[in-house]
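1. Sequence and predicted model, in that order:
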Amino acid sequence: MHASHVDALQTKHAGLDARLRAEMSRPAPDTGLVQDIKKRKLRIKEEIARL
């Protein structure tokens with residue numbers, strides 16, 4: 001269970017990273033969305049570190 005949970009979190013983190021890159025590549029990125037994605041990535045990273 002532990003390994004599968006970490007894998008799921010890493011997959012979510014990678015998905016958010018892809019969304020962040022896509023948003024940042026737009027001519028006028030939505031700064032609110034960028035901030036939200038970064039916060040969500042950080043929370044996932046912290047959770048992975050705790051496990």
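-> Happy to help now that I have it.
2. could you point out where this structure is predicted with low confidence?
-> Along the chain, segments meeting pLDDT under 70 span 1.
3. residue ranges of the helices in this structure, please?
-> Taking DSSP state H as the test, the helices found in the chain are 2-24, 31-50.
4. any chance of those in a markdown table, plus mean neighbour count?
-> Placement of C-beta: from N, CA and C, glycine included. Formatted as a markdown table, those follow (neighbours: other C-beta atoms under 10 Å):
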| stretch | mean neighbour count |
| --- | --- |
| helix 2-24 | 13 |
| helix 31-50 | 13 |
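5. Residue 24 versus the nearest residue to residue 17 once chain neighbours are set aside, what's the distance?
-> Once flanking residues are discounted, residue 17 sits nearest to residue 41: 6.6 Å by C-beta to C-beta, 6 or more residues apart in numbering. Remark: distance between residue 41 and residue 24 (C-beta to C-beta, to the nearest Å) = 13 Å.
6. Repeat that for residue 34.
-> From residue 34 to residue 24 the distance is 7 Å (C-beta to C-beta).
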